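Visitor: Below is the structure, and that's it, no one-letter string:
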């Protein structure tokens, strides 16, 4: 057959299967969009992240999100593919060879990927910008940019990363196509599902792993220890989450099934048995949602807290209005100035006194502390206030003093609280903004992915509910069963995420209090609680929508 | 006592734009007495499936009435219909309709669980039925682990366990090999002799020959009926085949 035939066939088949492909396209476009926007922001030259640690962290977060969303897409596209096995079976019987069907699949992937890229990157540029501006207006945060610059780098990177993901999905679908026999295709891949068994080893390993992760989080005493062990704890928690969702959920459901009074109850009967089967394929997806949700919660609550407590942080690092550090490293002064020998302290005192005189402002509460370094080196730290000046005047003075000091050629460092205030506000404002922005995008993507997951599973469950209705299940009972089933699938990851978040509170607070001087645990707990509530509220909305659509499909 | 009475049942399907009306049932009258075993025969398109759907309350007639016991079907409200169906009717389908996510025991329990029966009662009911149907050893297996005949026996157990007034069977041997078919028909006969009323829709003369009475449907009407009386199956089978041939040739008129 000629090539154009497959291209046309693929196009028709995408159109004919739009009930599966539309939600898939929605999910994949959103993932692409998420990735693009994260990269575009972290690379935005105006946003002040470029080349900074924050920018690097964000880029990394973007890649991690890409990996997670790849998991979802991989899993969910499996549903599209499986529900189409029958169609392939018919093609096969009608005389199309597997490689022809494969070629058709390649074209289909080409179309859907192209559509995802156009919609995702286009949506990222347009919607991302709108969301960006809206959030900027709503929060009125002091961010040093007014708009999001479209980024060719981010677009290129997105196409490469997601191109790879789509390629992997195609490879899986092709592998499935060539592995399944002709009649197997006709039966729609329903064959060969094995009875789910409780994996005790995985269960134990999951518990141990989660225990280690939580243990580290609970035992860390200092910021240094937390920074050293944090990643280790996170890895253990992630592994534990995956193992427990897989083995733990099945063990739990089986225990429920053993409890006759619980199991043989109209509301639990179909749900429990159905989920035992579903969990086998479902666990990874749910665990991913859980991890992603935890990440969103931690990011938002920490950035909110940092922003809310920036004044404390400022006071911690700059207790006074001005500070001058004079370095007495083998004598004061540098190449341009004559080295001062003898008592460095007296010379430094004189230097500061001269500076005060020249500035024409009284340095009140002037203190000097000397920090000894090795080889007899010393740093003299002078601190003073200028309470007669307001913030703007302090800024002015800071500029004036800096100009004065630059001319002396002395080896020193000058700090002003007014200037730091500006920097802090900008830094934490940007951080908060990025935190909320990413939180929203991740949340949106998570929501759409869950939605899509439920919809595609709905098509699988359709037959099951048809039988239940034939055997005498009323519409209300169907609705109730669906509700409890969807509810569990939805809220299990959220509950687990809340537990993770709770365990992370202590180490996060240690870092916040030690490194950022935020001593208000009540504030931190409140911010975290409110974040969790808001997150749950959005989750509930998605849940209601999903349950409705799912019900429409199966009943 | 009359278990089922169908009076002047009509069902007309209207296409969406009111173009062609298709008359699936055109005034069907018949009654089933308690303890009877009735087979309904007809070719594809004769209205068998429509009739069964109406009897099960899955669809509403255009006109006419259906009584099950003293209850007129159309007076049952939609909300109660599912529960009513579950408690008064038992269904056996051609494609078994067992759920892959349940083992056979749970599949059989399903209607009782939906009715909120206790585990002990369900177990007490299952034991004799499972023994009678010969599936006592298979209860822990899943549907995909057993043969078609075994699946259908589990489905029969599911229909019987609610102690329904009437069992509606839709081509129950349609997906079975001949040996399993014989076994199943034997079973139906046995269940019937113990007092269970059965209404079976089929186009297999073999299956129908196990019944006590056969109704022939053609073009949406009851065209003819045969009583088995004391005749053995083989003789009744011959009479059914003859009737089918005559009907196919269009040479027979109302009974």
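Guide: Arrived safely, thanks for sending. Note that the structure is a prediction, hence the values are computed from the model and not measured. Numbering: from 1, shown residues only, chains lettered A, B, ... in the order given.
Visitor: who in chain A is up against chain B?
Guide: Residues of chain A found near chain B (C-beta under 8 Å from any C-beta of the partner chain) are A:190, A:193, A:195, A:260-261, A:264-266, A:269, A:273-274, A:276-277, A:464, A:467-477. Yep, even glycine has a C-beta here, placed from its N, CA and C like the rest.
Visitor: Hmm, residue A:510 is touching residue A:226, no?
Guide: Yes. The pair residue A:510 / residue A:226 is scored as a contact, 6.0 Å apart, by C-beta atoms under 8 Å.
Visitor: Who has more neighbours out of those two?
Guide: Taking other C-beta atoms under 10 Å in any protein chain shown, residue A:510 and residue A:226 do not tie; residue A:226 has more neighbours (20 against 16).
Visitor: returning to what we had before: which residues are in contact with each of residue A:510 and residue A:226?
Guide: residue A:220 (C-beta atoms under 8 Å, 6 or more residues apart in numbering or on different chains).
Visitor: what's the straight distance from one end of stretch A:77-94 to the other?
Guide: 25 Å (C-alpha to C-alpha, to the nearest Å).
Visitor: now that stretch: mean pLDDT?
Guide: Computed over stretch A:77-94, the mean pLDDT rounds to 77.
Visitor: Keep only those of the residues of chain A next to chain B that are in helices.
Guide: Secondary structure defined by DSSP state H assigns A:260-261, A:266, A:269, A:273-274, A:276-277, A:464, A:467-470, A:475-477 of the residues of chain A next to chain B to helices.
Visitor: buried subset of the residues of chain A next to chain B?
Guide: Buried by 16 or more other C-beta atoms under 10 Å in any protein chain shown: A:264, A:266, A:269, A:273-274, A:276-277, A:464, A:467-469, A:471-474, A:477, out of the residues of chain A next to chain B.
Visitor: Tally up the residues packed near residue A:360, please.
Guide: 8.
Visitor: ditto for residue A:380
Guide: 22.
Visitor: quick one: it is in a strand?
Guide: Yes. According to DSSP: H, G, I helix; E, B strand; the rest coil, residue A:380 belongs to a strand.
Visitor: who's in contact with it?
Guide: A:325, A:326, A:328, A:344, A:345, A:348, A:368, A:369, A:370, A:371.
Visitor: rerun at 6 Å
Guide: By C-beta atoms under 6 Å, 6 or more residues apart in numbering or on different chains, the contact list for residue A:380 reads A:326, A:348, A:368, A:370.
Visitor: gap between the last one and chain B?
Guide: Same thing as residue A:370. 77 Å (C-beta to the nearest C-beta, to the nearest Å).
Visitor: now do the first one
Guide: Counting by C-beta to the nearest C-beta, the gap from residue A:326 to chain B is 77 Å.
Visitor: same thing with the second one?
Guide: According to C-beta to the nearest C-beta, residue A:348 stands 81 Å off from chain B.
Visitor: Surely that residue is in a helix?
Guide: Yes. Assigned with three-state DSSP, residue A:348 falls within a helix.
Visitor: Looks like it contacts residue A:326 (just checking).
Guide: Yes. Between residue A:348 and residue A:326 there is a contact under C-beta atoms under 6 Å: 4.8 Å.
Visitor: And for the residue lying closest to residue B:121 once chain neighbours are set aside, the neighbour number?
Guide: Counting by C-beta to C-beta, 6 or more residues apart in numbering or on different chains, residue B:121 lies nearest to residue B:112, which is 7.6 Å off, once chain neighbours are set aside. Burial of residue B:112 is recorded as 23 neighbouring residues (other C-beta under 10 Å).
Visitor: How about residue A:98?
Guide: 17.
Visitor: Could you tell me which residues make contact with it?
Guide: residue A:178.
Visitor: how far away is it from chain B?
Guide: 26 Å.
Visitor: Three-state assignment for residue A:519, please.
Guide: Three-state assignment for residue A:519 (three-state DSSP): coil.
Visitor: show me where the chain has strands.
Guide: This is for chain A. Assignment of strands within chain A using DSSP state E yields the ranges A:322-328, A:364-372, A:378-385, A:412-416.
Visitor: other chain: chain B
Guide: Going by DSSP E, chain B shows strands at B:2-14, B:21-33, B:37-41, B:63-68, B:71-72, B:89-92, B:166-170, B:197-202, B:213-218, B:221-227.
Visitor: what lines up beside the third one in the sheet?
Guide: The pairing partners recorded for strand B:37-41 under DSSP bridges are strand B:197-202 (parallel), strand B:213-218 (parallel).
Visitor: Any idea which of those gets closest to residue A:303?
Guide: For residue A:303, the closest of those is strand B:197-202, at 67.4 Å, according to C-beta to C-beta.
Visitor: May I see the buried residues of that closest one?
Guide: Across strand B:197-202, burial judged by 16+ other C-beta under 10 Å covers B:197, B:198, B:199, B:200, B:201, B:202.
Visitor: Share the number of residues neighbouring the closest residue to the fourth one other than its chain neighbours, please.
Guide: Right, residue B:200. Setting aside the residues directly before and after it, residue B:200 is nearest to residue B:169 in space (C-beta to C-beta, 6+ apart), at 4.2 Å. Residues near residue B:169, counting by other C-beta under 10 Å, number 26.
Visitor: hmm, back to that, can you lay out the strands paired with strand B:37-41 as CSV showing mean pLDDT and distance to residue A:383?
Guide: Below are the strands paired with strand B:37-41 laid out as CSV (pLDDT from 0 to 100; distance: least, C-beta to C-beta, whole Å):
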stretch, mean pLDDT, distance to residue A:383
strand B:197-202, 93, 97
strand B:213-218, 91, 103
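Visitor: Pipe those into a markdown table and attach distance to residue A:169 per row.
Guide: Shown next, in a markdown table, are these (distance: least, C-beta to C-beta, whole Å):
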| stretch | distance to residue A:169 |
| --- | --- |
| strand B:197-202 | 46 |
| strand B:213-218 | 52 |
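Visitor: and residue A:115, how far is that from residue A:83?
Guide: Counting by C-beta to C-beta, to the nearest Å, the gap from residue A:115 to residue A:83 is 19 Å.
Visitor: ditto for residue A:553
Guide: Noted for residue A:553: a distance of 12 Å to residue A:83, by C-beta to C-beta.
Visitor: same question, residue A:277
Guide: Counting by C-beta to C-beta, the gap from residue A:277 to residue A:83 is 16 Å.
Visitor: what number of residues lie near the residue nearest to residue A:538 when sequence neighbours are not counted?
Guide: Distances taken as C-beta to C-beta, 6+ apart put residue A:443 closest to residue A:538, at 6.0 Å, once the chain neighbours are dropped. Residues near residue A:443, counting by other C-beta under 10 Å, number 20.
Visitor: what's the distance between residue A:443 and chain B?
Guide: 32 Å.
Visitor: same question, residue A:525
Guide: Applying C-beta to the nearest C-beta to residue A:525 and chain B gives a distance of 43 Å.
Visitor: Name the nearest residue to that residue, sequence neighbours excluded.
Guide: Nearest residue to residue A:525 in three dimensions, chain neighbours excluded: residue A:505, at 7.1 Å (C-beta to C-beta, 6+ apart).
Visitor: re earlier: which pair of the buried residues of strand B:197-202 spans the longest distance?
Guide: B:197 and B:202 (16.4 Å).
Visitor: right, quick check: the lowest-mean-pLDDT helix or strand in chain B against chain A, any contact?
Guide: Least confident helix or strand of chain B, by mean pLDDT, DSSP states H and E, is helix B:78-88 with a mean of 83. Yes. Using C-beta under 6 Å from any C-beta of the partner chain, helix B:78-88 reaches chain A at B:82, B:85, B:86.
Visitor: wait, residue A:432 sits on residue A:303?
Guide: Yes. If you go by C-beta under 6 Å, residue A:432 and residue A:303 touch, sitting 4.6 Å apart.
Visitor: So which residues on chain B come close to chain A?
Guide: B:82, B:85-86, B:97, B:99, B:101-102, B:110-111, B:113-114, B:116, B:119.
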